[in-house]
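Asks: Below: sequence and its predicted model.
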Amino acid sequence: MSGATVASESARHVSEPAPRVDARRVIADLRALDRLTGGPDGARRVCWGEEWRVARDFLTELLVEIGLEPERDEAGNLWAYMNGEATPALAVGSHVDSVPTGGWLDGALGVMAAVGVLRAWAGVDQRPPRALALVDWADEEGARFGRSLFGSSAVAGTLDPAELADLRDAGGERIGSVLAANGVELARAPEAATRRERFGAYLELHIEQGPMLEAEGPAIAAVSGCVGVERRRFTIRGQASHAGATPMDRRRDAGLAAADAALRIEQLPAREGGVATTGSLRLEPGIPTAVAGVAELLVDLRHPDAAGLERMLEAAQTAVGDAAAERRCEADSELVWRIDPIPFDPQLVQAARESCREVVGSDRVLTSGALHDAAEMARVLPAEMIFCASIGGISHAPEEDTAEEDLAAGIEAYAALASRALT
């Protein structure tokens, strides 16, 4: 075949309209996944657990139905590739893992929408203008060990196994042994970074997980990037003593110092911007008949600006130190995980705005206050997201929901964005 003929064939494929993604089928797949791994107490797809494996099996069945054989990389990410007229591939996806008692849409929406994109191309007698790569990232949530974006950070090249080696879950199991039971060797997880050579951009559909779109409209929006996150474990040490025999003025109560510190941290956003959360508070010995000798707080700080995030961290450290000192306790902190604020690719953001405008007549742009795998991908290649409105702004809870027409709008805009990115 001559070069002119090849060029003509490529032009023909590029000029042909992309096949339509069946949004209703995507929603039906989401509901089927919810029936398998959800219930009155919410989603149960915590990564590395049984329900997560069930979700992976369901995803595999959907991919096999359209003629694709998924494969896993060294970090446990699940991939499915579809050949196209050119390379590198466009990567599409999200994550099926959830927080405990989480919502039916968080992460799963992006994975099933990606299946919808590949299914549409599998159903027509033409190849996409460039290859497609579906990915289901492993352990986006970090719900079990506190380390979010495990799989995507491995591919982005930012995962250091040595920093995770001592992590334990609530039951005391080490991360290495839990991963090994799922066929993942922690030390080899960074080898997954070789995968990124195969694709040139990444797109993700997600629910907003906040109240802005529902309160102010429209139903969907392009995303400009993700805020930075600083996650710290603060430990306050006082003196354990008898609850009945220790006078109030003689106590070095680490528990009350921690409670005071949490309230001070709550006030930081009023001065520094961003948001601050004390999501976990653990006391030792943790019984009603003893003054707490040790308290541990797990704190999450988020800010759209790197300098603002640094100021929040300094203020949080001061708040914990002052609260501890006032009760004659000592305090220290340990980094659990951090990520800088990440902007998305300007050209893809513009393409997402155009895609949203096609579907709902608005090209609104939001910054994501939640963290996503797209943030890790944006470190190493062009990335973009589209958000759907969340009812009541609620996520990470069984009540998480999005109106079906808003889901359909998001899926259609995502399909339009993928079509633009493919050409």
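Replies: Everything's here; your move. These figures come from a predicted structure and were not determined experimentally.
Asks: use CA for all of it now, contacts and neighbours both
Replies: Will do.
Asks: Tell me where the stretch 101-250 of the chain has helices.
Replies: Secondary structure of the stretch 101-250 of the chain, counting by DSSP state H, counting those that start in this stretch: helices at 108-122, 150-156, 161-164, 175-181, 212-216.
Asks: List the neighbours of the fourth one that are in contact with it.
Replies: Put plainly, it is helix 175-181. The contact list for helix 175-181, computed with C-alpha atoms under 8 Å, 6 or more residues apart in numbering, reads 48, 145, 164-169, 185-186.
Asks: and if we set it to 6 Å?
Replies: 167-168, 186 (C-alpha atoms under 6 Å, 6 or more residues apart in numbering).
Asks: Tell me how far that helix lies from the chain's centre.
Replies: Mean C-alpha position of helix 175-181 versus that of the full chain (C-alpha atoms, centre = their mean, to the nearest Å) differs by 21 Å.
Asks: how many neighbours does residue 271 have?
Replies: Neighbourhood size, residue 271 [other C-alpha atoms under 10 Å]: 10.
Asks: try residue 330
Replies: A count of nearby residues for residue 330, using other C-alpha under 10 Å, gives 20.
Asks: now residue 171
Replies: For residue 171, the count of nearby residues is 7 (other C-alpha under 10 Å).
Asks: Show the pLDDT at the residue nearest the centre of the chain.
Replies: Residue closest to the mean C-alpha point of the chain, counted by C-alpha atoms, centre = their mean, is residue 372 at 3.4 Å. Predicted confidence (pLDDT) for residue 372: 95.
Asks: Can you give me the buried ones in stretch 253-268?
Replies: 253-262, 264-265, 268 (16 or more other C-alpha atoms under 10 Å).
Asks: Also stretch 352-369?
Replies: 352-357, 359-360, 362-369.
Asks: That one: how far from the chain's middle?
Replies: Put simply, stretch 352-369 sits 20 Å off its chain's centre (C-alpha atoms, centre = their mean).
Asks: List of residues touching that stretch?
Replies: Under the criterion C-alpha under 6 Å, 6+ apart, residues 221-227, 413, 416-417 lie in contact with stretch 352-369.
Asks: who touches residue 221 in this structure?
Replies: 364-365, 386-387.
Asks: same question, residue 112
Replies: Per C-alpha under 6 Å, 6+ apart, neighbours of residue 112: residue 26.
Asks: Spit out the contact partners of the nearest residue to residue 88 once chain neighbours are set aside.
Replies: Leaving aside its sequence neighbours, residue 88 sits nearest to residue 199 (C-alpha to C-alpha, 6 or more residues apart in numbering; 4.5 Å). By C-alpha under 6 Å, 6+ apart, the residues touching residue 199 are 88-90.
Asks: ok, now how distant is residue 199 from residue 64?
Replies: As judged by C-alpha to C-alpha, to the nearest Å, residue 199 and residue 64 stand 22 Å apart.
Asks: The helix or strand hosting residue 357 - what's its average pLDDT?
Replies: Residue 357 is part of helix 346-360 when elements are defined by DSSP states H and E. For helix 346-360, mean pLDDT rounds to 98.
Asks: Strand partners (parallel or antiparallel) of the helix or strand following it?
Replies: Next along the chain after helix 346-360, taking DSSP H and E as the criterion, comes strand 365-368. According to DSSP bridges, strand 365-368 forms sheet pairs with strand 220-226 (parallel).
Asks: before we move on, the earlier item: how about the contacts of stretch 352-369, which pair is most distant?
Replies: Greatest spatial distance in the contacts of stretch 352-369: 227 and 416, 25.6 Å, computed using C-alpha to C-alpha.
Asks: pretty sure residue 337 contacts residue 232?
Replies: No - in this structure, residue 337 is not within contact of residue 232 by C-alpha atoms under 6 Å, at 7.1 Å.
Asks: So between those two, which is more surrounded?
Replies: Comparing residue 337 with residue 232 by other C-alpha under 10 Å, the one with more neighbours is residue 232, at 21 against 16.
Asks: Distance of the more buried one relative to residue 167?
Replies: Computed as C-alpha to C-alpha, the residue 232 to residue 167 distance reads 13 Å.
Asks: Mind listing the shared neighbours of those two?
Replies: Common neighbours of residue 232 and residue 167 (criterion: C-alpha under 6 Å, 6+ apart): none identified.
Asks: Quick check: phi and psi at the closest residue to residue 237 other than its chain neighbours.
Replies: Among residues not flanking residue 237 along the chain, residue 294 sits closest, at 4.6 Å (C-alpha to C-alpha, 6+ apart). Taking degrees, to the nearest 10, you get phi -140, psi 140 for the backbone angles of residue 294.
Asks: mind listing the helices for the stretch 301-423 of the chain?
Replies: Under DSSP H, counting those that start in this stretch, the stretch 301-423 of the chain gives helices at 306-326, 346-360, 373-377, 404-422.
Asks: among the ones you listed, which is nearest residue 141?
Replies: The nearest among the helices of the stretch 301-423 of the chain, by C-alpha to C-alpha, is helix 373-377 at 9.5 Å.
Asks: export that closest one as PDB, just CAs?
Replies: Presented in PDB, the C-alpha positions along helix 373-377 are these (Å, rounded to 0.1, in the frame of the first residue of the first chain):
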ATOM      1  CA  ASP A 373      -5.700   9.500  40.100                       C
ATOM      2  CA  ALA A 374      -5.700  12.200  37.400                       C
ATOM      3  CA  ALA A 375      -3.500  14.300  39.700                       C
ATOM      4  CA  GLU A 376      -0.800  11.700  39.600                       C
ATOM      5  CA  MET A 377      -1.100  11.300  35.800                       C
END
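Asks: buried ones in it?
Replies: Result for helix 373-377 [16+ other C-alpha under 10 Å]: buried residues 373-377.
Asks: and what of stretch 82-92?
Replies: 82, 84-85, 88-92.
Asks: Check stretch 300-312 too.
Replies: Within stretch 300-312, the residues that count as buried by 16+ other C-alpha under 10 Å are 300-306, 308-312.
Asks: I'd like to know which of those is nearest to residue 204.
Replies: Closest to residue 204, out of all of the buried residues of stretch 300-312 and judged by C-alpha to C-alpha, is residue 304, at 19.6 Å.
Asks: what sits opposite the residue nearest to residue 237 in the beta ladder?
Replies: Those that pair with residue 294 in a beta bridge, by DSSP bridges, are residue 237, residue 284.
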